[in-house]
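> Predicted model and sequence below, questions to follow.
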Amino acid sequence: MTTDMQTRPTAPGAERGIVARYNTFMSRRSSLMPTLAAVAILIILLVAAQVRFDRFLSPGNLSALLLDNAYLVVLAVGMTFVILTGGIDLSVGSVMAFTGILSASLLSQQLPAIIVIPVMLLGGAAIGLMIGVLVQYFNVQPFIASLAGLFLARGLAFVVSLSSIRVEDPAVLWLQRTRFAFGGWYITPTGLIALAVVAIAFYVLHWTRFGRTVYAIGGSEQSARLMGLKVARTKILVYVISGVCGGVAGLLLTAYSGAGYPRNGIGTELDAIAAVVIGGTLLAGGTGYVLGSLVGVLVYGTIKKLISFMGAEQSWTQIIIGFLLLVFIVVQRVIVTRSQRRT
Amino acid sequence: MKKVLRHRLFWPIAALVTLIVVNTIVRPQFIVVSVRDGQLYGVLIDILRTSAPLMLVALGMTVVIATRGIDLSVGAIMAVSGAVALTIIDASSDPGSIGTVLLALVVALGVSLALGAWNGLLVSVAGIQPIIATLVLMLAGRGVALLITDGFITTVNSAPYSFIATGYLLFLPVAFLIALAAIVVVALAERRTALGVLTEAVGINPQASRLAGVRSRGIVFGAYLASGLLAGIAGVLYSANIRAADANAAGQFIELYAILAVVLGGTSLMGGKFTIAGTVVGVLIIQTLDKTILFLGVPPAQSPVFFAVVVIVVVVLQSPRLHKWIRDLTSKRAPRANDSQPGTPVGTQNKVEVAS
Amino acid sequence: MPADTEVPPVVEMTGVTIRFPGVLALDDVALTLRPGEVHSLMGENGAGKSTLIKALTGVYSIDAGTIRVAGADRVFETTADAQAAGISTVYQEVNLAPNLSVGENVMLGQEIRRAGTIDWKAVHRAAAEHLENLGQDIDTRSILSSHSIAVQQLVAISRAMVLDAKVLILDEPTSSLDRHEVEQLFTVIRTLRDRGVAILFVSHFLDQVYEISDRITVLRNGRLVGEYLARDLPRGQLVTKMIGRELDELAALATVSERIIDRTGAPVLKATNVGRRGVLEPADLDVYPGEVVGLAGLLGSGRTELVRLLYGADRADSGQIEMKGEPVKVTTPRHAIENRIAFSSENRREEGIIADLTVGENIVLGIQARRGALHKIPRGEQDAIVSEYIAALGVRPADPNQLAGNLSGGNQQKVLLGRWLATAPELIVLDEPTRGIDVGAKADIQRKVAELSAQGLAVIFISSELEEVLRLAQRVVVMRDRRRIGELDSSRTDLDGLIDYIADGGEGNAA
C-alpha cells in the first residue's frame, strides 16, 4: 500500500501541466537559481556591451575574454571546492605568484619544463596540504590557516627572487603563443588547460563519491560525519586541490606574461572569491556549481573589458565587482532567512 | 609567582622581552636611546613611531573581534582616508596652511566613519557574516581610493601634514603620541563605561546577553564604527609619512597583521573577553620582529615567511588538539578511545543532540 | 505485539555505568531490545536516557558493564562501529544532507559506481526501491530540504534500512510532526517491526508511547526503574515511576501554597490566547501580585514554550498580553524588561550564565544593560548590590571575582536569580530553577521564592519536581502535549492527584 507523500497534492487534471512541471523543477534544482541569475547577468552585460560598442561581441574579443582570464578560471575552480565545504582559501593569489616565479627561476636554470611543471604543482599542493591539516587537525579557522598560507607563499615568492624573471623556455611559451583558430575564434593551449580543469572538476563534483562528500560536508558537516563519510580526508583534500589549482594558474600566468613576477596576484584571491560567489556558490557551503564559477569569471572579465572600452579607470572594475558581490550576498541572505522561517 | 605566570599577558610580554634581549645581545645599540635637539632617537623610538598605524588598526580590530566579528576592510579604509586627505590638500590654494590640513583631516575621518558605519549596518542590521560584509569594502574600497586619486600617486608638500607623521612633541614622535592617545581613549571607553563588559557579554554568549536585555545591535554597530575611524586615522598617518596617497600600497596586508597582533596579545578570535594591553604588546612584538628581520639582512619582501611561521606556531599552541596530546602524555590514566567531556561526541566537533 | 521471549534479544546492555567528572550519569543500567518489537525508553530530564543511547551508538564509552549485539560482546569506539554492528539512529534534527537529493541521501556512501563513476540512474532506482519498501512514493530527485521534516525522517529511516539495520533508534521523532504525519510514521514503524527490526522509540509524548510501544523501560536519576510490557503498565503508574517521590525537606514551606491571594485587582500579567504555530496551542495565563503560579506537565508539554512567548524570547503569532490591566507589546526581551518582567531560562548554561565573566559582572548585567552602555554603574554601587545578593542568596564561594563558569549549578542559578532580582521586577518567571542542583541550594532557592512572593512579587514557577510546585504555588496550571489542559488549586490537591491529572486529566485526555 503506497502512501502518497508528495508535499504538494496534485489536483486532478488542471495542475498536471506547466505548474506541476515547474514545481518538480524547483524541488529538484532550486540550487541552480543563483547560477542562472549569473548567466542572465552575463548575457545582459554582453548584450548591453554590444549595443554600446558595435565590435564587442566579435569572435576575437570573446575568445580573448576567456584567455585573458584563464588563470582566474583555474583559481576559481579550486576556490569552488573549498567554499563548497564551507571554508575559504586566501592563499591562492600568493600560491600562483610563488609557483610562477619558482618555475621561471627553475626554467632559467635550464631545467626542462617536464620537470618544472610537476614541481610547481607539488609546491601548490604542499601549501594546500599545510592549510588543510591546520584546518582539520588543529581546528584552526580556514580564514587564519589560509592567511598563514598567504604569508608563507608570498614570502617564499620573494625568497626565490626579488624581481621578475623572464621565461625563454619554448615549451612554456608554446602554451600561450600557439593559437588554434577557426573562423574568427581562437583558443590557446592555456585556454584548453583552463577548460580542461573546469571539465575535470565538473566530473569529480557530480560523478564521484569524493565530490558528493564535498557537497555533503557543505550541507551539514556533522551529518556527513554521522553518515559515515570520510570527512577529514575530504576536507584536507579540497585545500590540496586549491593549492594545485594555484600551481596551474601560476603556469598559465607565467606563460601568458612570459615571466615570473613575485608581486603577481596580490588581491587575486578576492577576485576569485567574488567570481565564485557571483557564479552562484553560497559562502555557507553546500550549494554551487563549478560551471557557475566559470560564468562568474566571465562576468568579471566582461566588466573589466567594458570598462577599458569605455576608457574609464580600471579601478571601476573593483568597485563594480564589490557592488555586485554585495548584491549577491544580500540576495543570498534574504533567501536563506526566508527558507529558515519556513522550517 | 603562579599568579604572574597565569596572567594572560605573561606570555606576550615574555615574548617581547625575549625579542628585545636577543636583539640587544646581537646589536647592543638596539636599546640605545639618544637625545638630540629635544627629540629622542633610537631603534626603540623608531619602533614606537612606525608601529602607530598598525596600533590604531589593531585597536579597532580587537573590539570588532570581541563581538565575534572581523573587519577585513581596514586596509581599504586607510587607502580611502589617505586619498581623501591628500586630494583636499592638493586641491587647495595653500597646502601648507593649518586650516587646510584641519579640513582635510575632518573630511577624511568623516569618510572613514561613514565607511565604518556601512560595515556596521551590514553586520548588525542586515545580519550578514562579518567576513563577507567587510570583504565587499575590501574589494571596492581600493577602487574608490584609486578613483579619488585618479590612479596617480598624489604627492603633496605640506609641512603641517607631514608633521603628523614625522614630527616630535615633548621628546616623542607625534605619531606615537597619536597612537598612545587612541589607546588611552579606547581603554577608557571600554573600561570606564560599561561598553567593555557588555561587548564581552555579547561576544561570549550572544543568546544570554539578548535575554538579559543587552543592546547587542548597538554594540556591534559601534565596534565597526570605531574600527573604521581608527583605520581612517591610520590612513592619515601613513600618507603623511610618505607624503603621498598610494591607493595600492596603503595598508596592504595590514588587516592580516592586525589580526595577528590581536591573537598574539591573547584575545580569542572566537570573541568575548578581550585585552587592549595584549593587543598593544602584540603590535610591538610584530614591529620588533619586523625590525629584527630587517637587521638580519633579510629583504623586507621576504618577511612574510617569518610571520607565517609565527602564525602557525601561535595557532597550533592554542589548538585544543595540542592540549589533548599534552594531557594524554602527562596523564597516568590510559586515554579512552572516545574520551571526551559530557556532551562532546566522538570524532565530531559539534554536539549531537539527543533528547535527555 | 511484544516479541516471543524464546527469540534471542538483538541488543543486551547489562550493568552499564558511565561516570563523568562529579556526576554518575548511569548506574548499573540494563536495556534489552528484541527483534520485531517497539521498545520505548522513558524518563525525565537528567534520567540518563540520552546517555544510555549515546553508549549504544558509540558516542560514549562505558566505564562498566557489557553491550551484546546479536549475541556477541561489542565495544564501540566510534559511531561507525555501532553502525557497522547494525545499529542505526534517526536523530531529532534528521542528520542528513539538506542540500542533496532524496535519492542521494538514501544511498550516500553506498552509491552504485562503475569504475569510480557514480551511476545515477541505478542510485535513484535503488533509492526508490528502498522507499517503496516502506510504502513511500517520493520523487528521489527532489532536494531533501524541499520536504517537510516528516518526510525527511522517512528518508533517514530508509537510509538506515539501506545500511541493513537490525536496530533502529528513533530519537524524539514526533516533536515536529502533526497528527497525520505521526500516523504515517507509525505505519512505517509497524512495517519495520513486522519485518523483525528492533525499534527503540524515545519520546515524551505519553499518548504516542502507548500507541506504538510493546515494551517500556523507565530510567530515573541514572538508574533503572524497570522494564514493563506497555499493556501491563497504566499511565499513572508510569508517570509515578518517572517522577518518583523524594524526601520532603521543606514541609515547613507547605503553608506557602495555602496563602490567600487577593485576586480582586488587576493581575500583574494576563495573557490571552498566546500561541505560536507549531510550537504552542493558544493558551491563557494570569498571575496576581504576591501569587506563585506553577506550571506543571511532562517534558515537552509546552511550559517553557509558553513562558518564552510571554517574555518575548520567542515571537507569538497570536494572542495578547496585558500588564496590570494595560495591553502591552512584548516581542523582544527588551520589551519584557521594560515592563518589569524577569525570565530565568531553564538552559542556565546557554541562555543564562555568561561563563567567562565574573559572578559580580553577571549579577549586575541586567541592571547595567537596562541603564545602557554609557552609564556605568559606579563601582561602589555595584559592589554593594553584588555583595547584598551574594549574601541574601547564599552564593558559594562568596567571591564576586570568581568566574561564573566555575561555580556549581546551584550557585550559578543563585547568581542568575540575583541578576533578575536586582532589576526589581514585578513578575519573575523561573523555568526549572532547581534542576540539577544540590539539595541545599534547592532549599535556599525555594525559600527565597516563598519570601519574595510574600513581599508581593508575582512568580511563574516551572519545575518537573511536582512536590516543589505544590509546595510553593497557590495555583497549578497543567499542560500536556503543547496545550494547556487545566488548572488546579494546590491547597486542595496532593501529589497523586496532580500526577493523575497530568497523565489523564483535563480536556483532551485519552481515556
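Nice, thanks for sending it over.

> excluding its backbone neighbours, what's nearest the residue most central in space within chain A?
Among the residues of chain A, the one closest to the centroid is A:A76, at 1.4 Å (Cα atoms, centre = their mean). Leaving aside its sequence neighbours, A:A76 sits nearest to A:S293 (Cβ to Cβ, 6 or more residues apart in numbering or on different chains; 4.2 Å). For glycine as for every other residue, the C-beta is placed from the backbone atoms N, C-alpha and C.

> Tell me the residues on the stretch 51-200 of chain B that lie near chain A, please.
B:70, B:126-129, B:131-133, B:135-147, B:150-151 (Cβ under 8 Å from any Cβ of the partner chain).

> Sort out which of those are buried, if you could.
B:70, B:128-129, B:131-133, B:135-147 (16 or more other Cβ atoms under 10 Å in any protein chain shown).

> The closest residue to C:G275 other than its chain neighbours sits in which helix or strand?
Distances taken as Cβ to Cβ, 6+ apart put C:P282 closest to C:G275, at 3.5 Å, once the chain neighbours are dropped. Using DSSP states H and E, C:P282 falls within strand C:280-287.

> what sits against residue 196?
No chain in the question, so chain A it is. Counting by Cβ atoms under 8 Å, 6 or more residues apart in numbering or on different chains, A:A196 makes contact with nothing.

> nope, chain C
Contacts of C:G196 by Cβ under 8 Å, 6+ apart are C:35-36.

> about what we covered before: any idea how far whichever strand or helix holds the residue nearest to the centre of chain A is from the chain center?
Take DSSP H and E as the rule and A:A76 turns out to sit in helix A:70-84. Distance of helix A:70-84 from its chain centroid, counting by Cα atoms, centre = their mean, to the nearest Å, is 2 Å.

> Which positions in the following helix or strand past it come out as buried?
Downstream of helix A:70-84, the first helix or strand assigned by DSSP H and E is helix A:92-108. Residues A:92-107 are the ones in helix A:92-108 that count as buried (16+ other Cβ under 10 Å).

> Tell me which stretches of the stretch 151-300 of chain B form helices.
Taking DSSP state H, counting those that start in this stretch, the helices of the stretch 151-300 of chain B run over residues B:159-166, B:174-191, B:195-204, B:206-211, B:216-242, B:254-265, B:276-295.

> can I get those in a markdown table with mean neighbour count and distance to chain C?
What follows is the helices of the stretch 151-300 of chain B, written out as a markdown table (neighbours: other Cβ atoms under 10 Å in any protein chain shown; distance: least, Cβ to the nearest Cβ, whole Å):
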| stretch | mean neighbour count | distance to chain C |
| --- | --- | --- |
| helix B:159-166 | 18 | 30 |
| helix B:174-191 | 18 | 9 |
| helix B:195-204 | 25 | 5 |
| helix B:206-211 | 21 | 5 |
| helix B:216-242 | 26 | 6 |
| helix B:254-265 | 26 | 16 |
| helix B:276-295 | 22 | 15 |
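
> ranking the ones you listed by mean pLDDT, which is last?
The weakest mean pLDDT among these belongs to helix B:159-166, with a mean of 80.

> tell me how far that one is from the chain's mean position?
23 Å.

> and if you look at stretch A:238-256?
Counting by Cα atoms, centre = their mean, stretch A:238-256 comes out at 11 Å from the chain centroid.

> swap in stretch C:92-105?
25 Å.

> Surely B:V283 is in contact with B:A58?
Yes: at 5.2 Å, B:V283 counts as touching B:A58 under the criterion of Cβ atoms under 8 Å.

> so what sits against both of these two?
Contacts common to B:V283 and B:A58, judged by Cβ under 8 Å, 6+ apart, are B:A261.

> which residues touch stretch C:179-190?
A:3, A:5, C:38, C:134-136, C:148, C:150, C:153-154, C:157, C:170, C:173-174, C:177, C:199, C:201, C:208, C:211-212.

> Apply 7 Å and report the result again.
By Cβ atoms under 7 Å, 6 or more residues apart in numbering or on different chains, the residues outside stretch C:179-190 that reach it are A:3, C:38, C:134-135, C:150, C:153-154, C:157, C:173-174, C:177, C:199, C:208, C:211-212.

> Among these, which one lies nearest to chain B?
C:P173 (10.1 Å; Cβ to the nearest Cβ).

> which residue does the stretch 1-150 of chain B bring closest to chain A?
For the stretch 1-150 of chain B, Cβ to the nearest Cβ, closest residue to chain A: B:A140, 2.8 Å.
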